[in-house]
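kindly return the folded structure for what I paste below:
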Amino acid sequence: MQKGGWGVAGETVHFHGQVWCEGTQDAPRNSVFGVRVARKDSQGDFVSSTWKDNSNPNGTFFISVAVPDMDIREGVTVEVQAYNVRDPTKVMPTNDSWRRTLRMED
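This next block holds a predicted model:
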């Protein structure tokens, strides 16, 4: 989905992709890293316990997120985040390429 794209309020948006070790084509071992989706809007930051994929076979992830069931013309920013609870220094910080602002319409 492009930044600033329109969606239907209440629909489910799916995020999928792959993480790999910096400077290589190698994926981390399964379950070493988790991937989650964070929502950022006028109410603050929010991560649901269901917006995570901790298995990551071959570094892949698939996460489904139900968007709010209301008009949000200014948009909701969602960000895909890789994380490692055992050693957060092993993960690069997210950047703008991992964020999308979705505008929701009833």
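
C-alpha only now, for contacts and for neighbours.
OK.

so where's this protein shaky on pLDDT?
In the prediction, the chain carries residues with pLDDT under 70 at positions 1-4, 106.

ok, now which ones touch Asp41?
With contact taken as C-alpha atoms under 8 Å, 6 or more residues apart in numbering, Asp41 is in contact with Gly75, Val76, Thr77.

for the residues you listed, give me JSON lines that also has neighbour count.
Written out in JSON lines, the entries for the contacts of Asp41 read as follows (neighbours: other C-alpha atoms under 10 Å):
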{"residue": "Gly75", "neighbour count": "21"}
{"residue": "Val76", "neighbour count": "19"}
{"residue": "Thr77", "neighbour count": "18"}
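
can you list these in JSON lines and add secondary structure and distance to Leu102?
Formatted as JSON lines, those follow (DSSP: H, G, I helix; E, B strand; the rest coil; distance: C-alpha to C-alpha, whole Å):
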{"residue": "Gly75", "secondary structure": "strand", "distance to Leu102": "5"}
{"residue": "Val76", "secondary structure": "strand", "distance to Leu102": "5"}
{"residue": "Thr77", "secondary structure": "strand", "distance to Leu102": "6"}
